[in-house]
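In: From the sequence below, what's the structure:
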Amino acid sequence: MKAVALTRYLPVTDPACFVDVDLPKPVAAGRDILVAVKAVSVNPVDTKVRKSKGADVVENPPRVLGYDAAGVVAAVGPDVTLFAVGDDVYYSGDITRSGANAEFQLVDERIVGRKPASLGFAQAAALPLTTITAYESFFDRLGIDRDGADAGQSILIIGAGGGVGSIGIQLAKAAGLVVIATASRPETTAWVTELGADHVIDHRADMVAQVRALGLHHVDHIAVFNDMRHWDAAVELIRPQGGIVSIDNTDVPLPMAAMKTKAASLHWEFMFARAMFQTPDMIAQHHLLSYVADEIDAGRLRTTLDTVLRPINAETLRKAHAMIETGTAKGKIVLEQS
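Out: Modelled structure (predicted):
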């Protein structure tokens, strides 16, 4: 099968950072389904993996990345019960396995959802990784009630214009929360407003002063969806006994004294954890993707797709990685088969 892979860990400016290769077609076993990939989204995690080792490290066989996809079930393992050949699906996958930048990919059915019927493959591929991340951040880590029992509470979403923030705004509004979104450019400010944010502030300016100017001394929940340079502001703004969730690795010191005084909590979200550790509840990702598909088909949520590149090959993948590395993308970038 055709695939786009890396053989060395190179900067995106190097034309050899990705290569077009032919690899053996995988065979489905156990609870795996074999998906004919139609579209794949590119996320910051892809760029981090591409830069995770030295340029002298050689991958043989070549390593296939890609952790967001939509496609059609081409074959199923003997223990599969959730899907059948011909089903349209969307999923993020397992970071410990071969990725989606290929004609075919094996993925455990328990982390796969039915593709929203109202979306094309590119629109659907924009959703899984960011949707799972935002959903788990809010409803699993922070303990917000998905169905509205916490309506009226406030959430500050730092870095709201990116992929996770874009779907996070919608999920938070669907749960009845008052959403304060941060953005730093006119285009991302317009984007988060369009997605439903109640208030927009600039995370490059004094966030504490801006939130207080809205008449809020504290916020009930905080999601840090860019990086932890805003830690001090987050600690100042979180209410006593509130919670902060972050999705980013950090080497920045995180002073905890004020968190302890407030009896506030810090949560880490890593959406690959369930598949990586084969947790007993990993089927939760199947259920949440199916829930989101229903919400999209009902018109209550929308895709966060912004840019489509065609076809899926080394040239377009390198272009997508370069766009992600600017740090100014809004919404999602998707590669689609021609």
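In: from here on, contacts and neighbour counts on C-alpha atoms
Out: Fine.
In: what residue ranges in the stretch 201-338 of the chain score low on pLDDT?
Out: Along the stretch 201-338 of the chain, segments meeting pLDDT under 70 span 328-329.
In: Could I get the phi/psi values of His230?
Out: With angles defined as degrees, to the nearest 10, His230 sits at phi -100, psi 20.
In: Once you drop chain neighbours, what's closest to Leu262?
Out: No, residue 262 isn't Leu; it's Lys. Distance criterion Cα to Cα, 6 or more residues apart in numbering; nearest residue to Lys262, sequence neighbours excluded, is Pro240 at 4.4 Å.
In: what's downstream of the helix or strand that contains the one you found, the next helix or strand?
Out: Element membership of Pro240 [criterion: DSSP states H and E] is strand 238-246. Where DSSP H and E defines the elements, the next helix or strand beyond strand 238-246 is helix 257-262.
In: Does anything pack onto that next one? Which helices or strands?
Out: On a contact count with 3 or more Cα pairs under 8 Å, 6 or more residues apart in numbering; DSSP states H and E, helix 257-262 meets helix 231-237, strand 238-246.
In: in whatever helix or strand comes next after it, what counts as buried?
Out: Counting by DSSP H and E, the next helix or strand C-terminal to helix 257-262 is strand 265-268. For strand 265-268, burial by neighbour count (16 or more other Cα atoms under 10 Å) applies to Ser265.
In: Pull out the buried residues from the helix or strand following strand 265-268.
Out: Downstream of strand 265-268, the next assigned helix or strand under DSSP H and E is helix 273-276. Neighbour counts over helix 273-276 (16+ other Cα under 10 Å) mark Arg274, Ala275 as buried.
In: Now do helix 273-276: distance to the chain's middle.
Out: 14 Å (Cα atoms, centre = their mean, to the nearest Å).
In: Following the chain past that helix, name the next helix or strand.
Out: Using DSSP H and E, the helix or strand that follows helix 273-276 in sequence is helix 284-297.
In: who touches the strand holding Pro240?
Out: Outside strand 238-246, the residues within contact range by Cα atoms under 8 Å, 6 or more residues apart in numbering are 137, 141-142, 218-225, 227-228, 234, 262-269.
In: Which among those count as buried?
Out: Looks like the contacts of strand 238-246 have 137, 141-142, 218-225, 228, 234, 262, 264-265, 269 buried, using 16+ other Cα under 10 Å.
In: Looking at those residues, which are in strands?
Out: Using DSSP state E, the subset of the buried ones among the contacts of strand 238-246 located in strands is Val219, Asp220, His221, Ile222, Ala223, Val224, Ser265.
In: Using JSON lines, lay out those together with distance to Phe83.
Out: Formatted as JSON lines, those follow (distance: Cα to Cα, whole Å):
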{"residue": "Val219", "distance to Phe83": "42"}
{"residue": "Asp220", "distance to Phe83": "39"}
{"residue": "His221", "distance to Phe83": "37"}
{"residue": "Ile222", "distance to Phe83": "36"}
{"residue": "Ala223", "distance to Phe83": "34"}
{"residue": "Val224", "distance to Phe83": "35"}
{"residue": "Ser265", "distance to Phe83": "39"}
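In: residues near His203, how many?
Out: Neighbour count for His203, taken as other Cα atoms under 10 Å: 18.
In: same check, this time on Ser154
Out: 20.
In: picking that back up, tell me the most buried of the helices and strands packed on helix 257-262?
Out: Stretch with highest mean neighbour count among the helices and strands packed on helix 257-262: strand 238-246 (a mean of 21; mean count of other Cα atoms under 10 Å).
In: For that one, which strands pair with it and how are they oriented?
Out: Strand pairing for strand 238-246, using DSSP bridges, gives strand 219-224 (parallel), strand 265-268 (parallel).
In: From the chain's centroid, how far away is that strand?
Out: 21 Å.
In: go on, stretch 171-191?
Out: 16 Å.
In: again, but for stretch 52-66
Out: 22 Å.
In: tell me the strands in the stretch 101-250 of the chain, going along the chain?
Out: Counting by DSSP state E, counting those that start in this stretch, the stretch 101-250 of the chain has these strands, from start to end: 104-108, 112-114, 154-158, 178-182, 199-201, 219-224, 238-246.
In: Any chance of CSV for those, columns distance to Leu34?
Out: Formatted as CSV, the strands of the stretch 101-250 of the chain follow (distance: least, Cα to Cα, whole Å):
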stretch, distance to Leu34
strand 104-108, 5
strand 112-114, 11
strand 154-158, 36
strand 178-182, 38
strand 199-201, 42
strand 219-224, 35
strand 238-246, 32
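In: coming back round to it: between the ones in strands among the buried ones among the contacts of strand 238-246, which is nearest Asp20?
Out: Nearest to Asp20 out of those is Val224 (Cα to Cα; 35.8 Å).
In: Hmm, that closest one is touching Ile155, no?
Out: No: assessed by Cα atoms under 8 Å, Val224 is found out of contact with Ile155, at 10.6 Å.
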